[in-house]
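Engineer: Kindly generate the corresponding structure for this input.
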Amino acid sequence: MADRDFLKTNFGIEIELTGITREKAARVLADHLRGSIERQNDYYDSYKVTAPDGRAWKIMYDGSLRCQRKVNGQKVAAGREYSVEIVSPILNYKEDIETLQEIVRKIRKAGGFPNSTAGIHIHLDGADHTPRSLRNFVNIIYARNDLLYDSLQIERERMRYCKKMDKDLVERMNKKKPKTFKEIEDIWYKGYGSSRERHYHESRYHFLNLHSFFNGVGTVELRGFNGTLHAGKIRSYIVLALAINNQALTQKSASTKKPQLENPKFAMRTWLNRIGLIGEEFKNCREHLTKHLEGSAAWRFRRAA
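Structural biologist: Okay, here's the model as predicted:
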């Protein structure tokens, strides 16, 4: 993994926040990117910021956000114009991570903040995925459901939008051992009454969302990240998503067996090392992703006195 190949997959990110209006957020992006702003006048009352390279960022309304603003340092209720979801264009880690982090810092400086209803969603390019790698992805997330939810401290108010991987789905997936995308798609949607073509299909509200893969977008989405405007945390979430994606793509198979959790911090650290987050470059990422876990990162078992 020393070649950092796992960072090469393109991704997109959605960052939910409040505290400033969509118009103000659009101005912050346009100023930083030296881009142009266009009001869309659509259902989401969105703004489009087009950078000089032609890539467009969207700032949209999100109905799941509790809108707030600060008055004399206190957070108070605010109108729907304070619902802000920043949707990036297709990004590449090496070329775009510094720009993304700087945008996050400037949005925060402008008065933006997350609350317990805000989340971050990361879309991973699905072009290289196969039926085998999608099944791997399902198994990897299922095996580490508890570890990931504890590590990421997912807000209770957001649980309905990023549920844990469904045990029945995982069992069906591994019993059937699907060989085609169509077979995986049928397993994914089994038990839902609404049309698969529906954009806001109920199946999407899980930590791992494959609805975006099957519904024309062509991405694998990870939804299990709380809203934050901490640039280092956002980088950590992106690196983790890219590393898990690479694990799913490159492993011959992935087990559903849950790791030992008598020492969650050690279990997380060793997994992060194994999937590529090694060395000084990812030290801060490892710290962010193990910070809330109990135990010792250095020792699996407590040493004898």
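Engineer: contacting residues around residue 187?
Structural biologist: 169, 172, 173, 176, 178 (C-beta atoms under 8 Å, 6 or more residues apart in numbering). For glycine as for every other residue, the C-beta is placed from the backbone atoms N, C-alpha and C.
Engineer: Can you flag the buried ones in the residues you listed?
Structural biologist: Among these, the ones that count as buried by 16 or more other C-beta atoms under 10 Å are 169, 172, 173, 178.
Engineer: Would you mind giving those as TSV with distance to residue 70 and pLDDT added?
Structural biologist: As requested, those are exported to TSV (distance: C-beta to C-beta, whole Å; pLDDT from 0 to 100):
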residue	distance to residue 70	pLDDT
169	42	95
172	48	96
173	46	95
178	50	96
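Engineer: and the contacts of residue 187, which of them are in helices?
Structural biologist: If you go by DSSP state H, the contacts of residue 187 have 169, 172, 173, 176 in helices.
Engineer: Hmm, residue 182 and the last one touching each other?
Structural biologist: No - counting by C-beta atoms under 8 Å, residue 182 is not a contact partner of residue 176; they are 11.8 Å apart.
Engineer: Quantify the burial of residue 147 by counting its neighbouring residues.
Structural biologist: Counted with other C-beta atoms under 10 Å, the neighbours of residue 147 add up to 19.
Engineer: Let me see the contact set for it.
Structural biologist: When contacts are taken as C-beta under 8 Å, 6+ apart, residue 147 is in contact with 259, 261, 264, 267, 268, 271, 293.
Engineer: Same check on residue 235?
Structural biologist: Residues near residue 235 by C-beta under 8 Å, 6+ apart: 97, 101, 284, 285.
Engineer: Would it be right to say that it lies in a helix?
Structural biologist: Yes - according to DSSP: H, G, I helix; E, B strand; the rest coil, residue 235 belongs to a helix.
Engineer: I'd like the numbering to begin with 11 instead of 1 from here.
Structural biologist: That works, and once the first residue is 11, the last one we named lands at residue 245.
Engineer: Kindly provide the distance from residue 152 to residue 29.
Structural biologist: Distance of residue 152 to residue 29, computed by C-beta to C-beta, to the nearest Å: 35 Å.
Engineer: Same question for residue 278.
Structural biologist: Distance from residue 278 to residue 29, by C-beta to C-beta: 31 Å.
Engineer: show me where the stretch 111-260 of the chain has helices.
Structural biologist: 141-153, 155-162, 177-186, 191-199, 221-224, 241-260 (DSSP state H, counting those that start in this stretch).
Engineer: export the ones you listed to TSV and tack on distance to residue 168?
Structural biologist: What follows is the helices of the stretch 111-260 of the chain, written out as TSV (distance: least, C-beta to C-beta, whole Å):
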stretch	distance to residue 168
helix 141-153	16
helix 155-162	10
helix 177-186	20
helix 191-199	22
helix 221-224	18
helix 241-260	14
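Engineer: which residues of the stretch 11-160 of the chain fall in strands?
Structural biologist: Using DSSP state E, counting those that start in this stretch, the strands found in the stretch 11-160 of the chain span residues 21-27, 46-49, 57-60, 66-70, 78-81, 84-87, 94-97, 129-135.
Engineer: Now render those strands as JSON lines, adding mean pLDDT and mean neighbour count.
Structural biologist: Shown next, in JSON lines, are these (pLDDT from 0 to 100; neighbours: other C-beta atoms under 10 Å):
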{"stretch": "strand 21-27", "mean pLDDT": "98", "mean neighbour count": "23"}
{"stretch": "strand 46-49", "mean pLDDT": "97", "mean neighbour count": "14"}
{"stretch": "strand 57-60", "mean pLDDT": "98", "mean neighbour count": "21"}
{"stretch": "strand 66-70", "mean pLDDT": "98", "mean neighbour count": "21"}
{"stretch": "strand 78-81", "mean pLDDT": "97", "mean neighbour count": "15"}
{"stretch": "strand 84-87", "mean pLDDT": "97", "mean neighbour count": "10"}
{"stretch": "strand 94-97", "mean pLDDT": "98", "mean neighbour count": "24"}
{"stretch": "strand 129-135", "mean pLDDT": "97", "mean neighbour count": "24"}
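Engineer: could the ones you listed be laid out in a markdown table, adding distance to residue 213?
Structural biologist: Shown next, in a markdown table, are those (distance: least, C-beta to C-beta, whole Å):
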| stretch | distance to residue 213 |
| --- | --- |
| strand 21-27 | 18 |
| strand 46-49 | 33 |
| strand 57-60 | 29 |
| strand 66-70 | 22 |
| strand 78-81 | 30 |
| strand 84-87 | 32 |
| strand 94-97 | 20 |
| strand 129-135 | 15 |
